[in-house]
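1. Quick one: sequence plus predicted model below, questions after.
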Amino acid sequence: MSAKSGEASDALCFLLTNDFSGLTRGRGFPASALDQFVKSGCGWVHANQALTPFGPIAANHPFGPLGDLRLRADPSTLVHHDAGDGSEPFHFILCDLVDYEGNRWDCDPRSLLQSAIEKLFEETGLYVNASFEHEFMMTNLSENAPPFSYRAYRLIDKLCGKILRAMQDAGTGPEMILPEYGAGQFEVTMQPTRALRAADNAVIMRELVRELSRREGLHATFSPKLIPNGVGNGVHVHFGLLREDGTPCNYDAQGPGQMSAPLAHFCAGILRHLPALIALTAPSAISNLRLQPHHWSAAFTCIGVQNREASLRICPAVSGASAERAHHVEFRAADACASPYLVLASMILAGLDGIRNKIALPELLTADPSSLSEAQRNAGGIHPLPGSVPEALAEVDKDRELKSWFSEDFWNCYRAMKRAELGMLEGSSAEEMCTRYSQVY
Ligand code: GLU
Ligand code: MG
């Protein structure tokens, strides 16, 4: 076939999916064929969902070599950004995984989030607004600077500018980029938006940050821990509820922590299911190294106002701002080894269970939970989170309600993938595991 004019300057565009491992994978095609690929999608296979973060595919997953899926583009997620540094532009679209009839696949995280959003709305008339706040670390900065310092920002000022512009261009609503506490640690926050878009933004932002850093010769990682006793990288999910007309429904001056009844029940549902939820929100072999007391992350099932050792932190509006608009809650028990879609889908289904069954909110915690005696914690319904992935998966088995939210194929594939991931780390020290994850995430 003779080359058509213009083909020589064609660039690649990708259709992408974010999978059980929280990694983004996909297929590229000439950008000139974008319309065609948006219309017809492209092929994908069921078995890919069993890919481990370290590459090899899990044995004993429920999908054989047969069957085909389609990556169906959601054009509203199109990213086309030229950083102007001579590299090929970022050009990709996030996708749903569907069968040949166009039905959502019950093991596709993005589809599962959409189903969860619809279910919540059908039963309660409410939507979720959310925003993912990510911490990440540069592993090879040549210099160090004090925590939160302007100097720390200056070490990567050009990169920060590039990240900001890329995020703006990609429509991910960047809010802040800040130097964090740990050595080489930074944080990106984004504006709240509807749940699906919030998860899309998290997926897009991770790709932009890692790749723009790589172009500067820097290695950025979102992995939950770089060294076993070091500072953790959290993914904090800020969330609230919206009525159908888009108005927030989170604030009630008389409610616990000034939360509306639906938000309080939503939080109670999350807390009830949290031990099992962890299997989906903090799912790596090193996630538990971060979910420890005194890490400002989340070691126990508890909720408190402005409490950074609680798994749910109530975030009141600053004085002078509209409490109706700004009051919300932060989920602190997630990390970047999880798919943002699975994090939000499982949070929403847990919250819905809380609203549906009017689950009572435990007392708000005004202390560091690790400073309480075990008896005090038990009295307050405060429980330690599982200490490993197998323990979290055992909690899934005990939590019949949570288990029922996802299909048998889902759990069989998820477990097979996790078994394989952990198997590949057998015999590794905690330090070695941290290194392995930092090379992937
Ligand atoms: N680095 C902490 C974490 O692992 C969070 C610190 C903060 O509150 O920003 O979640
Ligand atoms: Mg932070």
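-> Looks like it came in fine. Numbers count the residues shown, from 1 in each chain. Ligands and ions are numbered 1, 2, ... in the order given.

2. Tell me how many other residues crowd the residue of the stretch 1-150 of the chain found nearest ligand 1.
-> Residue nearest to ligand 1 within the stretch 1-150 of the chain: E135 (5.3 Å; CB to the nearest ligand atom). The way it works is simple: take the backbone N, C-alpha and C, and place the C-beta from them, glycine included. E135 has 22 neighbours, counted by other CB atoms under 10 Å.

3. Would it be right to say that it lies in a helix?
-> No: if the criterion is DSSP: H, G, I helix; E, B strand; the rest coil, then E135 is strand and not within a helix.

4. Nearest the geometric middle of the protein, what residue?
-> Most central in the chain under CA atoms, centre = their mean is P340, positioned 2.7 Å from the mean C-alpha point.

5. With ligand 1 in mind, check whether stretch 137-154 reaches it.
-> No: against ligand 1, stretch 137-154 shows no contacts by CB under 6 Å from any ligand atom, the least distance being 10.0 Å.

6. So for that stretch, mean pLDDT?
-> Averaged across stretch 137-154, pLDDT comes to 96.

7. quick thing: my sequence starts at 302, can you match it?
-> New numbering, starting at 302: the last item is stretch 438-455.

8. In it, which residues are buried?
-> For stretch 438-455, the neighbour count (16 or more other CB atoms under 10 Å) marks 438-440, 446, 453-454 as buried.

9. Could you work out the end-to-end span of it for me?
-> One end of stretch 438-455 sits 15 Å from the other (CA to CA, to the nearest Å).

10. what separates that stretch from the chain centre, distance-wise?
-> Its chain's C-alpha centre and that of stretch 438-455 lie 25 Å apart, by CA atoms, centre = their mean, to the nearest Å.

11. residues in contact with it?
-> Residues from elsewhere that reach stretch 438-455, judged by CB atoms under 8 Å, 6 or more residues apart in numbering: 456-457, 461, 478-487, 514, 518-522, 524, 527, 534, 739.

12. could you flag which of the residues you listed are buried?
-> Judged by 16+ other CB under 10 Å, buried ones among the contacts of stretch 438-455: 456-457, 461, 478, 480-481, 483-487, 514, 519-522, 524, 527, 534, 739.

13. Take those residues and keep only those in strands.
-> 478, 480, 486-487, 521-522 (DSSP state E).

14. Going by distance to ligand 1, which of these wins?
-> Ligand 1 lies nearest to Q486 out of these, by CB to the nearest ligand atom, at 7.6 Å.

15. before we move on, the earlier item: mind telling me the two of the buried residues of stretch 438-455 farthest from one another?
-> Farthest-apart pair in the buried residues of stretch 438-455 is T440 and Y454; separation 17.7 Å (CB to CB).

16. Could you tell me which residues make contact with the residue nearest to the centre of the chain?
-> With contacts defined as CB under 8 Å, 6+ apart, the neighbours of P641 are 319, 323, 433, 499-500, 503-504, 536.

17. can we see that at 6 Å?
-> Applying CB atoms under 6 Å, 6 or more residues apart in numbering, we find P641 in contact with 500, 503-504.

18. between those residues, which has the most around it?
-> A503 (29 neighbours).

19. Make sure that one is actually in contact with E434.
-> No: taking contacts as CB atoms under 6 Å, A503 lies outside contact range of E434: 9.4 Å.

20. Let me know the pLDDT of the closest residue to ligand 1 within the chain.
-> As assessed by CB to the nearest ligand atom, ligand 1 sits closest to G535 within the chain, at 2.3 Å. Per-residue pLDDT puts G535 at 98.

21. what's the answer for N658, then?
-> N658 is given a pLDDT of 98.

22. For I464, see how far away it is.
-> For N658, the distance to I464 (CB to CB, to the nearest Å) stands at 42 Å.

23. Next, the residue nearest to A695 when sequence neighbours are not counted: phi, psi?
-> With CB to CB, 6 or more residues apart in numbering as the criterion, A695 has its nearest non-adjacent residue at 7.5 Å, and that residue is P687. When quoted as degrees, to the nearest 10, the phi and psi of P687 stand at phi -50, psi 150.
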